[in-house]
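Peer 1: A predicted structure for the sequence below; I have some questions about it.
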Amino acid sequence: MNRFSVLTVISILLAAVAGADEAADKEYIARFEKEFPKAAQPAKLEDYATVARYDELFMGSNLDDALKTVSNDSGGIAWGLSYRMMSLNDLYRVTGDVKYLRANLRCIQAVLAVTDDKIGKQLFTGRIVAAWGCDKYAKRGRAVFAVHTGIITAPMFEFLLLVRDNVGFKAEIDDVFQTILKGAADALAVHDRQWRDGPEKGAGHYIGMDQEDDLENKPLPGNRLSAMGWALWRSWQISANTMHRDRALAIGRYIKNRLYKSPDGAYYWAYSLTVDPVKEKRARENVSGEDSSHAGLTMALPLALARDGKIFNRHDLRRVGKMVVNGIARLGGGILIGSVTGDPKANPGYVGHAVNWLSFAEAESGVRDTILPFYLNYKSYPDPYELARLLHCHKFGK
């Protein structure tokens, strides 16, 4: 075969691959727009994200209803009320209005009132813990999950940090302040037996124990580690517990050492992080990417540490921003992919809280223009967390 023939064959093969990629993207877009029907008229951010809208939708009777039945038996606190708590912290940051701290106090007290030791429920092992068991995920029965404990207690610690800086409100609730601090710390301590140092120097992680069979004695996935690390870091900031500080930093190193640096300047990673630190670069197409929803939680600890100048830095935040632009949001126009690598085989339902990625816009300018159109074009009714994050990012740019 002569040189001209070889080039012709290569051109045909490349065209075929490009055509297949285009077809896969079109098929994904069709599934995405079925999951998120496009608005007839795109919203304007100044109308979409307002404090008045938050109050109308999520305060008053809506908050009352959310607190009527508080239970984590099916993960309702971890994946529902905890995000409400985060949203109320954000609304206080945006407005300075103590009514949002008062509302969050109601949420936190309701959550602390239903730990397993308070309601008398035992895990399948017979243990009764000062945290929130769940009947949903482990085949063996009721279990307590580190990811739940982390994501529930992190906004509690952040609430305490906000209250600490409001002298008048802190004096008003000082006894309750200490009760919340102890309750959240006791919940974290439930998982102490799952802690393992290493495997590399300076790193650390939690292992699965008495939960899903396939995670027994194995390192927990990145999103679960990050949730605990985030809570540990906030606990250190309010309590000066140096063990919590050291563990949060160790988890941060563990996660950072397992992110693939890609030639496109981005970080990519899998749902289950590699056992050993990664040493090679890897293009996004060669990474089995974590779903976008869990990935937002995986980046919670790196983001918190970066803002405090620990382990992660602005360059790392920019790499995550590059992932958003080149992976999740590569199709543009507000169409988001449910995988960090932009894999069109992903489920659009795994887009999750896309608003999380706006926090990386300060390091990678393209993020804002790829994430905001999702809300303005495709999600007419954000949940409380999304609306609060949009308000916070709009005001503070992070």
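Peer 2: Yep, it's here. Just so we're clear, the structure is a prediction, and the values are computed from it rather than from any experiment.

Peer 1: ranges for the helices of the stretch 201-350 of the chain?
Peer 2: With DSSP state H, counting those that start in this stretch as the criterion, the stretch 201-350 of the chain has helices at 222-239, 242-256, 292-298, 300-307, 314-323.

Peer 1: I'd like the distance from the shortest one to the chain centre, please.
Peer 2: Its chain's C-alpha centre and that of helix 292-298 lie 5 Å apart, by Cα atoms, centre = their mean, to the nearest Å.

Peer 1: Dump it to CSV, restricted to CA.
Peer 2: C-alpha atoms of helix 292-298 as CSV (Å, rounded to 0.1, in the frame of the first residue of the first chain):
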residue,chain,number,x,y,z
SER,A,292,-20.7,14.4,38.4
SER,A,293,-23.0,14.2,41.4
HIS,A,294,-20.6,12.4,43.8
ALA,A,295,-17.6,14.2,42.3
GLY,A,296,-18.9,17.5,43.6
LEU,A,297,-18.6,16.0,47.1
THR,A,298,-15.2,14.5,46.4
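
Peer 1: for that helix, packing partners?
Peer 2: helix 222-239 (3 or more Cβ pairs under 8 Å, 6 or more residues apart in numbering; DSSP states H and E). All C-beta spots, glycine's among them, are computed from the backbone N, C-alpha and C.

Peer 1: if you compare the helices of the stretch 201-350 of the chain, which one is most tucked away?
Peer 2: helix 222-239 (a mean of 26; mean count of other Cβ atoms under 10 Å).

Peer 1: That helix - contacts with which helices or strands?
Peer 2: Counting contacts by 3+ Cβ pairs under 8 Å, 6+ apart, helix 222-239 is packed against helix 146-164, helix 174-189, strand 204-206, helix 242-256, helix 292-298, helix 300-307.

Peer 1: Which positions within the first one qualify as buried?
Peer 2: The reference is to helix 146-164. Neighbour-count burial for helix 146-164 flags 146-160, 162-163 (criterion: 16 or more other Cβ atoms under 10 Å).

Peer 1: the strands in the stretch 1-150 of the chain, which residues?
Peer 2: Assigned by DSSP state E, counting those that start in this stretch, the stretch 1-150 of the chain shows no strands.

Peer 1: mind listing the helices for it?
Peer 2: 3-35, 45-48, 51-58, 61-66, 76, 82-95, 99-112, 116-119, 146-164.

Peer 1: Please identify which of the helices of the stretch 201-350 of the chain is closest to residue 26.
Peer 2: For the helices of the stretch 201-350 of the chain, distance to residue 26 was read as Cβ to Cβ. The smallest value, 19.6 Å, belongs to helix 292-298.

Peer 1: Can you name the residues in contact with that closest one?
Peer 2: When contacts are defined by Cβ atoms under 8 Å, 6 or more residues apart in numbering, helix 292-298 is touched by residues 147, 151, 221-223, 226-227, 255, 269, 271, 289-290, 328, 336-340, 346, 350-354, 356-357.

Peer 1: do stretch 114-134 as well
Peer 2: 70-75, 77-78, 111-112, 138, 140-145, 148-149, 152, 183, 186-187, 189-191, 210.

Peer 1: Any of the residues you listed buried? List them.
Peer 2: Using 16+ other Cβ under 10 Å, the buried ones in these are 70-72, 75, 77-78, 111-112, 138, 142-145, 148-149, 152, 183, 186-187, 190-191, 210.

Peer 1: hmm, back to that, just the buried ones from the contacts of helix 292-298?
Peer 2: 147, 151, 221-223, 226-227, 255, 269, 271, 289-290, 328, 336-340, 346, 350-354, 356-357.

Peer 1: Now do residue 157 against residue 108, distance only.
Peer 2: From residue 157 across to residue 108, the span is 10 Å (Cβ to Cβ, to the nearest Å).

Peer 1: ugh, wrong one, residue 275
Peer 2: Separation of residue 275 from residue 108 (Cβ to Cβ): 37 Å.

Peer 1: Which one of these two is surrounded by more residues?
Peer 2: Neighbours were counted for residue 275 and for residue 108 using other Cβ atoms under 10 Å; residue 108 has more, 24 against 9.

Peer 1: Identify the residues contacting that one.
Peer 2: 85, 156, 159, 180.

Peer 1: mind putting the helices and strands packed on helix 222-239 in CSV, mean pLDDT and distance to residue 62 included?
Peer 2: Shown next, in CSV, are the helices and strands packed on helix 222-239 (pLDDT from 0 to 100; distance: least, Cβ to Cβ, whole Å):
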stretch, mean pLDDT, distance to residue 62
helix 146-164, 98, 18
helix 174-189, 97, 23
strand 204-206, 98, 35
helix 242-256, 98, 34
helix 292-298, 98, 23
helix 300-307, 98, 26
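
Peer 1: can you redo the ones you listed as CSV with distance to residue 21?
Peer 2: Shown next, in CSV, are the helices and strands packed on helix 222-239 (distance: least, Cβ to Cβ, whole Å):
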stretch, distance to residue 21
helix 146-164, 34
helix 174-189, 45
strand 204-206, 36
helix 242-256, 30
helix 292-298, 19
helix 300-307, 30
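
Peer 1: Out of the ones you listed, flag the one nearest residue 316.
Peer 2: The minimum distance between residue 316 and the helices and strands packed on helix 222-239 falls on helix 300-307, with 6.2 Å, by Cβ to Cβ.
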